[in-house]
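1. Take a look and give me a structure for this.
(3 chains)
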Amino acid sequence: MNIAELQAYGYFALTVFMVLVLYGYIYHLYSKKEDADGHDYEEYSNIALRDDVTDTPVSAISDDKEK
Amino acid sequence: MENRPLEYDYTVAKMFMFTTIVLGIVGMLIGVILAFQLAFPEVNTILGQGLAEYTNFSRLRPLHTDAVIFGFTLSGIFATWYYVGQRVLKVSMAESGFLMFIGKLHFWLYLVGVAAVVVTLFMGITTSKEYAEFEWPIDIAIVVVWVLFGISIFGLIGIRREKSLYISIWYYIATFLGIAMLYLFNNMEIPTMLAASPAGESGIGAWYHSVSMYAGTNDALVQWWYGHNAVAFGFTVPIVAMIYYFLPKESGQAIYSYKLSLLSFWGLMFVYLWAGGHHLIYSTVPDWMQTMGSIFSVILILPSWGSAINMLLTMKGEWQQVAASPLIKFMVLGSTFYMFSTLEGPIQAIKSVNAIAHFTDWIVGHVHDGVLGWVGFMIMAALYHMAPRVFKREIYSKSLMATQFWIQTLGVVLYFTSMWIAGITQGMMWRAHDEFGNLAYSFIDTVTVLHPYYTIRGVGGLLYLVGFLMFAYNIYKTMTVGRKVEESELQNASPMGA
Amino acid sequence: MFHWLEKHPFFFAVGVFVSIAFAGLIEIVPNFAQASRPVIGTAPYSTLELAGRHVYIKNSCNACHSQLIRPFKSETDRYGHYSLSGEYAYDRPFLWGSKRTGPDLMRVGNYRTTDWHENHMKEPQSVVPGSIMPAYTWMFKNTADINTAYAEQLTVAQFFAVPYNKEVPMKDGSTKIVKMGESVADANALALEEAKAIAADMKDQDVKDAVANGQIPEIVALIAYMNSLK
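-> The predicted structure is shown next:
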């Protein structure tokens, strides 16, 4: 098997893999709606809206340290 | 510590706002001169025969592209980073003396780099590679500036209060990494002063001269992998970073879908780099690469439109704001132009279309509807939004801003429509044969026919420059005589005077 | 990606880097060695030609002129045989250009002469009525930088094994040797010898005088380069 043939197989396998990853990812995002920390993904949009230095972070670094 | 509430510190952001405006004027002014040189060649000797060497089209052309890319756009990216970065990470630069020092050093070294670039390009010291014209000593300076930018980004992230990185931060990180990788690989070169002659002499000739590590087709491949993706990580990624912050903030609307932003970010990261091959269609690079470049360019529509649609849908139910605020107008038209040029690009990447479009003004038109309509509008909108917060003053004039919007929009429309017609006309004339199979037109026929379109383009560019000067004036007046505002007025919509 | 990366900047950066570096790895690396072999008939640039190439680059001629003939009838009719990868083996940097405001120059040496270039560079409209190309009068005054061209020859011979002073095969079965000087003085003498042949075909008295005095104006080097493009 020469390099070009190997590239061709690799390309096909990669395409299939990428399609699976993409649809798996979309399915995951829209079925679970929450990340591992239990936040709804959409809550993170508020980072931009409530961005004064005194506003409460959506998920504060300090929460980690208390645990 | 003195007993004062913590505030964001915009010192460095202000410095870069200044260079954004100054270099924007320089870059666009040179652009307008170039446009008129093509329409009226006498403009080449506008400062007389003695200075013709320095006012000539070919000497000015790299100065235009580099002033706009590495002057205006890059300054805009830095200015917004030093603003947005602090806010979405909820940490002030005043909290770290180190980061403040790095930020200032970043600015001053950047300015030294800009000065070196201007001088050398006027002298004709160039490697000829588009958007990578600088010789090795400047390349090294640029790498240092870039590393400082990286330290700023990751340093600020390191002391953040908000654990989760906001969408804009992803795009800034990608800008940093993307440009770093591309720039390093494309500028691999050997200084010629290292060579020694058989007679034992060394350090021969100009010390700053270098020779590319790659030859011919390989060099072209690496260059367009760079050239295409310098556009990706200079004109797309960081500008998306800006709109993801400034549009929601100015309109008070949360992003339409955070999940869609996740999807389009990772999609864009994966797909963009493959598309570089579309600059080399029908060249001597292997066929499979050309095809791949073509296919991935079409796929690229998905993640690009993912971001753009997310932006437009953010305005859902709030479209009256577009009518009411010229600032929102800039951003909404900006994302519309983004959709437009990310559709146009893939169309030009289709092989049969590329056969006509390549080497013509249609490509120039494509670049400019993206850069004037998307990059320029977005950076100006970002600076307009930042000005009241940075200077604690109201934007000087809303009506001036609205007038500027319409003048510049007209400018962009004139620009790209004339270049479309020019490009397709020339592409079709080059390939036309008469009934006996001979070429129907000599080359000069295909040049003289473009004169009216070149003139229209010059006028379009001039209108855009006039608008930009109005922008500069408006910001200057905001800084100096704008009404002072309270923190409470700065929540969402920016305060504007009549 | 699953909002874990988005909270861990280091791994996030690694993730982004892997995603963007991937394409370059697949696209660029495999064909790198193959694409750089010269075809028969392609010889390295002489000192004067290389100095002319530097003049070409210094004035960004590549901003308006391509050096890439695409495989279409209209292009081969107009400019000659379509470009082959191996013809660029000694081009560092490549000068394909991205815009044809003026015509392609890949094989301009086949159909333009020293005399034509001299008139054209001095006043383009006198040769091509309606041309929008500016005149390049300073090339008749500025002196070409032969030393830097020589340094570049030494560099490419040393680092990339470009065959100077060696036989290279030509299309008609013969061989050609492109000479490179032993020293700076030698290189200048070689360049001057070539320059004299070109100046003999030129009309500009200042240029002729300069060459007679051992100076090589930029225009002479540029024309040497133009004539070598075949």
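2. Check what pLDDT the residue of chain B positioned farthest from its centre gets.
-> Distance to the chain centre peaks in chain B at B:Ala199, reaching 48.0 Å (criterion: Cα atoms, centre = their mean). We have a pLDDT of 90 for B:Ala199.
3. That one belongs to a strand?
-> No. B:Ala199 is assigned coil when assessed by DSSP: H, G, I helix; E, B strand; the rest coil, not a strand.
4. Show me chain C divided up by domain.
-> For chain C, automatic domain parsing gives the domain ranges C:5-30, C:35-228.
5. Please render those as a markdown table that adds distance to B:Gly124, mean neighbour count and mean pLDDT to the earlier fields.
-> Every C-beta, even on glycine, is put in place using the N, C-alpha and C of the backbone. Converted to a markdown table, the domains of chain C look like this (distance: least, Cβ to Cβ, whole Å; neighbours: other Cβ atoms under 10 Å in any protein chain shown; pLDDT from 0 to 100):
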| stretch | distance to B:Gly124 | mean neighbour count | mean pLDDT |
| --- | --- | --- | --- |
| domain C:5-30 | 30 | 17 | 84 |
| domain C:35-228 | 4 | 19 | 94 |
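6. Name the nearest residue to B:Ser58, sequence neighbours excluded.
-> In space, B:Ser58 comes closest to C:Ser60 once its chain neighbours are excluded; the distance is 4.1 Å by Cβ to Cβ, 6 or more residues apart in numbering or on different chains.
7. Strands of chain B, residue ranges please.
-> Using DSSP state E, the strands assigned to chain B run over residues B:189-191, B:210-212.
8. how far does the last one sit from the chain's center?
-> In terms of Cα atoms, centre = their mean, to the nearest Å, the centre of strand B:210-212 is found 26 Å from the chain centre.
9. Quickly run through the sheet partners of that strand, with directions.
-> Here strand B:210-212 is paired, per DSSP bridges, with strand B:189-191 (antiparallel).
10. avg pLDDT for the strand it pairs with?
-> 92.
11. Could you pull out the helices in chain A for me?
-> A:3-32, A:46-49, A:61-66 (DSSP state H).
12. Pick the most deeply packed of the strands of chain B.
-> Most buried of these by mean neighbour count (mean count of other Cβ atoms under 10 Å in any protein chain shown) is strand B:210-212; its value is a mean of 23.
13. one step back: give me whichever of the helices of chain A is most buried.
-> Using mean count of other Cβ under 10 Å, helix A:46-49 ranks as the most buried of the helices of chain A, with a mean of 21.
14. For that helix, which helices and strands make contact with it?
-> Counting contacts by 3 or more Cβ pairs under 8 Å, 6 or more residues apart in numbering or on different chains; DSSP states H and E, helix A:46-49 is packed against helix B:74-89, helix B:237-251.
15. Same list, the ones you listed, but as a markdown table with mean pLDDT and distance to C:Ala89 please.
-> Converted to a markdown table, the helices and strands packed on helix A:46-49 look like this (pLDDT from 0 to 100; distance: least, Cβ to Cβ, whole Å):
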| stretch | mean pLDDT | distance to C:Ala89 |
| --- | --- | --- |
| helix B:74-89 | 95 | 35 |
| helix B:237-251 | 95 | 35 |
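16. now these as CSV including mean neighbour count and distance to chain C?
-> Output for the helices and strands packed on helix A:46-49, formatted as CSV (neighbours: other Cβ atoms under 10 Å in any protein chain shown; distance: least, Cβ to the nearest Cβ, whole Å):
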stretch, mean neighbour count, distance to chain C
helix B:74-89, 26, 10
helix B:237-251, 26, 10
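17. In which helix or strand does C:Ala199 reside?
-> In the assignment (DSSP states H and E), C:Ala199 maps to helix C:184-200.
18. List the residue ranges of the chain that fall below the pLDDT cut-off.
-> Answering for chain A, as no chain was given. Low-confidence segments of chain A (pLDDT under 70): A:63-67.
19. let's do chain B instead
-> B:1-4.
20. which element follows the helix holding C:Ala199 toward the C-terminus?
-> Downstream of helix C:184-200, the first helix or strand assigned by DSSP H and E is helix C:205-212.
21. tell me what that following helix is packed against?
-> By 3+ Cβ pairs under 8 Å, 6+ apart, helix C:205-212 packs against helix C:184-200, helix C:218-228.
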